[in-house]
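**Student:** using only what follows, build the 3D model:
(2 chains)
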2 protein chains.
Amino acid sequence: MYQTFPYPSVRDFARSVFEAHGYAPADAADIADVILLADLYGIESHGVQRLMRYHKAIAVTKTARVGAEPEIVFETPVSAVMDGRDAIGQLVGIRAMRLAIAKAKASGIGMVAVRASNHYGIAGYYTRMAVEEDLLGVSMTNSEPILVPTFARKAMIGSNPIALGMPADPTPFLFDAATCVVPRGKLEVYAKRGAPLPEGWAIDETGAICTDPGRVIAAILDRRGGGILPLGGAGETFSGHKGYGFGLICDLFTAGFSGGPFSNHKKDDPKKANTSHFFMAMDYGLFGGKAETRARFSRFLQELRETPRAEGCPRVWIHGEKELEGETRRRSEGIPMNEKTIAELRSIAADLNLPAL
Amino acid sequence: MYQTFPYPSVRDFARSVFEAHGYAPADAADIADVILLADLYGIESHGVQRLMRYHKAIAVTKTARVGAEPEIVFETPVSAVMDGRDAIGQLVGIRAMRLAIAKAKASGIGMVAVRASNHYGIAGYYTRMAVEEDLLGVSMTNSEPILVPTFARKAMIGSNPIALGMPADPTPFLFDAATCVVPRGKLEVYAKRGAPLPEGWAIDETGAICTDPGRVIAAILDRRGGGILPLGGAGETFSGHKGYGFGLICDLFTAGFSGGPFSNHKKDDPKKANTSHFFMAMDYGLFGGKAETRARFSRFLQELRETPRAEGCPRVWIHGEKELEGETRRRSEGIPMNEKTIAELRSIAADLNLPAL
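**Tutor:** Numbering: from 1, shown residues only, chains lettered A, B, ... in the order given. Just a heads-up that it's a prediction; the model follows:
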């Protein structure tokens, strides 16, 4: 059962939660903004549905430290390494992307690798910050191991999304893709429904294709093996080794360049989230006139939209279009929330003596 | 039927072909080196099997101009746009990556977008140039349209490989992946064998999954529609939209930043190959001590190699390992060539009055 709430109420509630935890109003607004964009896009798994996890990370496990100040520990005119000091991922991510944007404006390109952060929400939030400054943006994060390398039977790499945004008209290109075939949240949805997984999403602890979502999730949690396949699926027939490679590249740029632990060692210290990110902002004027590049790229996107459709298919989309259209709709029509999430938000409000949503 | 030839004989024959076409010995050696690395890696489709196409591109269609001098048309300390002036792709690619490497050594990072080039061989040749200078390397190229966007029925994007190389021990990480599920050469192999394609590689002109390789190839050549699916396959169930997005990103960096035509317009002028490339070299010292980063990344790769294997699977590979091991073997044992290729090399030798291989 879903119930719809006006966007401003949900946003203000999320802000009040972080303010109650001691964040300054501007910081609470930034954190809420990242979380709410997922809901506006229709990516429920990364929206307020996660508020309980952030609440616990702050108040119970204390992996996210209120008041922590991320620190730049290495810097050049085009790059930096930031230690997140275990601050909440959204604040670290926004600071790091702002630094990348400042460097891009001064030097053409800015790259910031981050360690000791927390879950930062949707990767695509940060690329959009760059796009709003008329820059190309890249954002990646590692995460707890979920992706099984080709021919292996144990998860070693995170869902490891790679996001890239590029300005275009009438809407920007906003690509944001986990490098495993589907995110873990999809398995949880199938488990709740009691539905079998499509063959080719996940494997069990022996390395065999498994369509039982409960079995896969349990095997991962018990660290018995099993996990989600890389983009391209099992083995090499449909080029699963390519998805495995993109996931590995994400770990190189995030953990490799920041000095944080790779996905398979993220949980070595249970007191820390130890998440690593990577951000890049690039002035595409590094390759000549921006207006012309933007116009040419926009024309290409329009030609893709107008490609003849396969029989029975409604539309050829550009990456980000579905999300931006959903955002416009949900800003006016409201955000649908499931019962469980609503109950969790009530429980958070009670914990913090806040008025319920 | 395959026959094996010593590596130095094949290399010297290839050099002699380009010298006979009027290339200086150093340039002929560079071109041959790119082509032969594909054979050494075991990527037959991009090796001397293509010599006939290069021979015709120089002598018959004249899309590759001997003596053409690539020109830098825009430049900053960290970037450049190069007009290939229709020179053969291998020479353009090597010059552009050398420029990217020089910029990386001076400024930390160098990016070069290239237009008006030709087929440049394997994308991974150029990333290896960067890796040999202890830099991270990226190489991409667009190509004739073969990849069908998600929910479309017509090829609009090239095979659009993305290659990334990063130094590591004992062997570097050398990722090189077409963003469509398989390269066109694989369809041709199945057509020759009369074998059906795996379901999920290609679609026909209506947009339906098609296992008849001859039908798909004919539909593409007649521009009736059809083509190869993106990495992730048809529709969104296995995230084919992600492979489509990576292919689109490749066209942005190559054609978008160089000013060359996007894949779907590459053939508008039949007198030009109009291929666009993108190269990047980056000093990973931009993120602190190189020795430590390299050692940490190498350790991660070793942990991946040692991951427990799925039942019935022989080994967990790191990207590039198969190719590097094949290179070592073929350098000493020779290069296997099929009858058709041997006959083509004889015919080229006769055309140019060269001693046969």
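**Student:** check which helix or strand covers the residue nearest the centre of chain A.
**Tutor:** Most central in chain A under C-alpha atoms, centre = their mean is A:Ile122, positioned 2.8 Å from the mean C-alpha point. Per DSSP states H and E, A:Ile122 falls between elements, in no helix or strand.
**Student:** so it sits against A:Ser45, correct?
**Tutor:** No - applying C-beta atoms under 8 Å as the test, A:Ile122 and A:Ser45 come out as separate, 9.3 Å apart. Placement of C-beta: from N, CA and C, glycine included.
**Student:** before we move on, back to that, against B:Leu51, how distant is the residue nearest to the centre of chain A?
**Tutor:** Distance check for A:Ile122 against B:Leu51: by C-beta to C-beta, to the nearest Å, it reads 48 Å.
**Student:** buried residues in the longest helix seen in chain A?
**Tutor:** Ordering each helix of chain A by length in residues (DSSP state H) puts helix A:89-107 first. For helix A:89-107, a neighbour-count test (16 or more other C-beta atoms under 10 Å in any protein chain shown) marks A:89-101, A:103-104, A:107 as buried.
**Student:** skip ahead from it and say which helix or strand is next.
**Tutor:** Counting by DSSP H and E, the next helix or strand C-terminal to helix A:89-107 is strand A:109-117.
**Student:** is that following strand positioned near chain B?
**Tutor:** Yes - for strand A:109-117, a contact with chain B is found by C-beta under 8 Å from any C-beta of the partner chain, at A:Ile109, A:Met111, A:Ala113.
**Student:** so that strand versus helix B:89-107, what angle?
**Tutor:** 70 degrees (axes from the mean of the first three to the mean of the last three C-alpha atoms, to 10 degrees).
**Student:** lowest-scoring secondary structure element of chain A by mean pLDDT?
**Tutor:** helix A:184-193 (a mean of 85; mean pLDDT, DSSP states H and E).
**Student:** of the residues of strand A:109-117 next to chain B, which is the nearest to chain B?
**Tutor:** Nearest to chain B out of the residues of strand A:109-117 next to chain B is A:Ala113 (C-beta to the nearest C-beta; 5.2 Å).
**Student:** pretty sure that closest one sits against A:Ser276.
**Tutor:** Yes - contact criterion C-beta under 8 Å: A:Ala113 and A:Ser276 qualify, at 7.2 Å.
**Student:** give me the common contacts of those two.
**Tutor:** A:Thr254, A:Ser258 (C-beta atoms under 8 Å, 6 or more residues apart in numbering or on different chains).
**Student:** my read is that A:Ile101 contacts A:Ala281, right?
**Tutor:** Yes - with contact defined as C-beta under 8 Å, A:Ile101 counts as touching A:Ala281 (4.5 Å).
**Student:** now do the buried residues in stretch A:186-200.
**Tutor:** Buried, per 16+ other C-beta under 10 Å, within stretch A:186-200: A:Lys186, A:Leu187, A:Tyr190, A:Ala191, A:Leu197, A:Gly200.
**Student:** now swap in stretch A:134-154 and tell me
**Tutor:** The neighbour-count check on stretch A:134-154 (16+ other C-beta under 10 Å) flags A:135-154 as buried.
**Student:** and stretch A:254-271, how far out from the chain middle?
**Tutor:** 17 Å (C-alpha atoms, centre = their mean, to the nearest Å).
**Student:** from A:Leu229, how far out is the spatially closest residue to A:Ser159 that is not a sequence neighbour?
**Tutor:** Counting by C-beta to C-beta, 6 or more residues apart in numbering or on different chains, A:Ser159 lies nearest to A:Ala178, which is 4.2 Å off, once chain neighbours are set aside. For A:Ala178, the distance to A:Leu229 equals 12 Å [C-beta to C-beta].
**Student:** what of A:Ala32?
**Tutor:** 34 Å.
**Student:** what helices or strands is whatever helix or strand comes next after the least confident helix or strand of chain A leaning on?
**Tutor:** Of the helices and strands lying after helix A:184-193 in sequence (DSSP H and E), the nearest is strand A:202-203. If contacts are counted by 3 or more C-beta pairs under 8 Å, 6 or more residues apart in numbering or on different chains; DSSP states H and E, strand A:202-203 sits against helix A:213-221, strand A:227-228.
**Student:** go with 7 Å
**Tutor:** strand A:227-228 (3 or more C-beta pairs under 7 Å, 6 or more residues apart in numbering or on different chains; DSSP states H and E).
**Student:** rounded mean pLDDT for the strand it packs on, please.
**Tutor:** In this model, strand A:227-228 has a mean pLDDT of 96.
**Student:** which residues touch it?
**Tutor:** Strand A:227-228 has contacts (C-beta atoms under 7 Å, 6 or more residues apart in numbering or on different chains) with A:146-148, A:154-155, A:180-182, A:184, A:201-203, A:220.
**Student:** now do stretch A:331-341
**Tutor:** A:Met1, A:Tyr2, A:Gln3, A:Thr4, A:Phe5, A:Pro6, A:Tyr7, A:Val10, A:Asp39, A:Leu40, A:Val48, A:Gln49.
**Student:** Throw the residues you listed into TSV and include neighbour count, secondary structure and distance to B:Pro308, thanks.
**Tutor:** Output for these, formatted as TSV (neighbours: other C-beta atoms under 10 Å in any protein chain shown; DSSP: H, G, I helix; E, B strand; the rest coil; distance: C-beta to C-beta, whole Å):
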residue	neighbour count	secondary structure	distance to B:Pro308
A:Met1	7	coil	42
A:Tyr2	11	strand	41
A:Gln3	12	strand	45
A:Thr4	12	strand	46
A:Phe5	18	strand	46
A:Pro6	14	coil	50
A:Tyr7	18	helix	47
A:Val10	25	helix	44
A:Asp39	26	helix	39
A:Leu40	21	helix	41
A:Val48	27	helix	38
A:Gln49	20	helix	33
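**Student:** the closest residue to A:Arg153 other than its chain neighbours - how many residues pack around it?
**Tutor:** With C-beta to C-beta, 6+ apart as the criterion, A:Arg153 has its nearest non-adjacent residue at 3.3 Å, and that residue is A:Gly207. Residues near A:Gly207, counting by other C-beta atoms under 10 Å in any protein chain shown, number 22.
**Student:** so A:Gly207, which of the three states?
**Tutor:** Here A:Gly207 is coil, with the state taken from DSSP: H, G, I helix; E, B strand; the rest coil.
**Student:** and A:Leu164, by the same measure?
**Tutor:** A:Leu164 - assigned by three-state DSSP - is strand.
**Student:** before we move on, the earlier item: among the buried residues of stretch A:134-154, which ones are in strands?
**Tutor:** A:Leu136, A:Gly137, A:Val138, A:Ser139, A:Met140, A:Thr141 (DSSP state E).
**Student:** identify the bridge partners of the first one.
**Tutor:** I take that to be A:Leu136. Taking DSSP bridges as the rule, A:Leu136 bridges to A:Met282.
**Student:** does it touch A:Tyr284 like I think?
**Tutor:** Yes - A:Leu136 is within contact range of A:Tyr284, at 5.3 Å (criterion: C-beta atoms under 7 Å).
**Student:** contact residues of the stretch 201-350 of chain A facing chain B?
**Tutor:** A:203, A:206-208, A:225, A:231-233, A:237-239, A:242, A:245, A:249, A:251-252, A:256-257, A:259, A:262, A:264, A:284, A:286-288, A:293, A:296-297, A:300, A:303-304, A:307-311, A:313, A:315-316, A:319 (C-beta under 7 Å from any C-beta of the partner chain).
**Student:** buried ones among these?
**Tutor:** A:203, A:207, A:225, A:231-233, A:238-239, A:242, A:245, A:249, A:251-252, A:256-257, A:259, A:262, A:264, A:284, A:286-288, A:293, A:296-297, A:300, A:304, A:307, A:309-310, A:316, A:319.
**Student:** return the subset of the residues you listed lying in helices.
**Tutor:** Using DSSP H, the members of these that fall in helices are A:Lys242, A:Gly245, A:Ile249, A:Asp251, A:Phe257, A:Thr293, A:Arg296, A:Phe297, A:Phe300, A:Leu304.
**Student:** and the pLDDT for the first one?
**Tutor:** Translated: A:Lys242. Reported pLDDT for A:Lys242: 98.
**Student:** sounds good, over and out.
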